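Asks: Below are the sequence and a predicted model; questions follow.
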Amino acid sequence: MSANVAQHAIFEPGLYELAYYSEKTSPSEFSATKVRSLIDGFANALRNHLKAEIPTLLALQPYESEGIMKIFKECEAAGFNQPNNIALPLILGLSDSTFENGKYVFPAVPGFARYLVHYWYCRAHQGAWRFLPCDMWGMPRPLAFLELDMLG
């Protein structure tokens, strides 16, 4: 696991720089080219880290889950400590309900809640949610602008 932790030092500075730019740049000064450049600066390191982390997480399966569940609950609480118009679309839009044939539908929310998020909470940042890999019902969708990337 120490190798996975060490990988964070490679991509985290780029993530922080992107977050800073996103929060501090006014709409009139915003540059899509700059955002793309910032992401390109850490994308490969982040992708490699996420790929390497899968076997590490799977290797944790034999261990007691109480400590892992504690960490999960802390992360969950931090996520829900965000404004609803940010946290709820992110939680639903990053959850693939088709994974392993729908065996793990997360989060377990009543159907009307997904409609509420889609039609109410998504409004504030509606232009951003098109970049999420899934819709508010957990259904994967084509990644935005992927075709443009392939054309070079």
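Replies: Looks like it arrived, so ask away. Residues are numbered from 1 along each chain as shown.
Asks: As CSV, could you dump the C-alpha coordinates of stretch 43-52?
Replies: Below are the C-alpha coordinates for stretch 43-52, written out as CSV (Å, rounded to 0.1, in the frame of the first residue of the first chain):
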residue,chain,number,x,y,z
ALA,A,43,-3.8,12.9,-15.9
ASN,A,44,-1.3,10.0,-16.7
ALA,A,45,-0.1,9.9,-13.1
LEU,A,46,-3.6,9.8,-11.7
ARG,A,47,-4.8,7.2,-14.2
ASN,A,48,-1.8,5.0,-13.4
HIS,A,49,-2.4,5.4,-9.7
LEU,A,50,-6.1,4.5,-10.0
LYS,A,51,-5.3,1.4,-12.0
ALA,A,52,-2.6,0.3,-9.5
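Asks: and the residue most central in space within the chain, what does it touch?
Replies: Geometric centre of the chain, nearest residue: residue 94, 5.6 Å, by Cα atoms, centre = their mean. Neighbouring residues of residue 94 by Cβ atoms under 8 Å, 6 or more residues apart in numbering: 132, 133, 134. For the C-beta atoms, the positions are set from N, CA and C on the backbone; glycine is no exception.
Asks: Report the separation between the residue lying closest to the second one once chain neighbours are set aside and residue 86.
Replies: The spatially closest residue to residue 133, leaving aside those adjacent along the chain, is residue 140, at 6.1 Å (Cβ to Cβ, 6 or more residues apart in numbering). The gap separating residue 140 from residue 86 is 21 Å, by Cβ to Cβ, to the nearest Å.
Asks: again with residue 7
Replies: Distance from residue 7 to residue 86, by Cβ to Cβ: 26 Å.
Asks: And the two? Which one has more around it.
Replies: Each of residue 7 and residue 86 has its neighbours counted (other Cβ atoms under 10 Å); residue 7 has more, 17 against 14.
Asks: Is the residue nearest to residue 133 in contact with residue 102, as I believe?
Replies: No: using Cβ atoms under 8 Å, residue 140 makes no contact with residue 102, being 11.9 Å away.
Asks: And these two? Which one has more around it.
Replies: The neighbour count for residue 140 versus residue 102, taken as other Cβ under 10 Å, is higher for residue 140 (13 against 10).
Asks: how far away is that one from residue 75?
Replies: From residue 140 over to residue 75 (counting by Cβ to Cβ), the distance is 23 Å.
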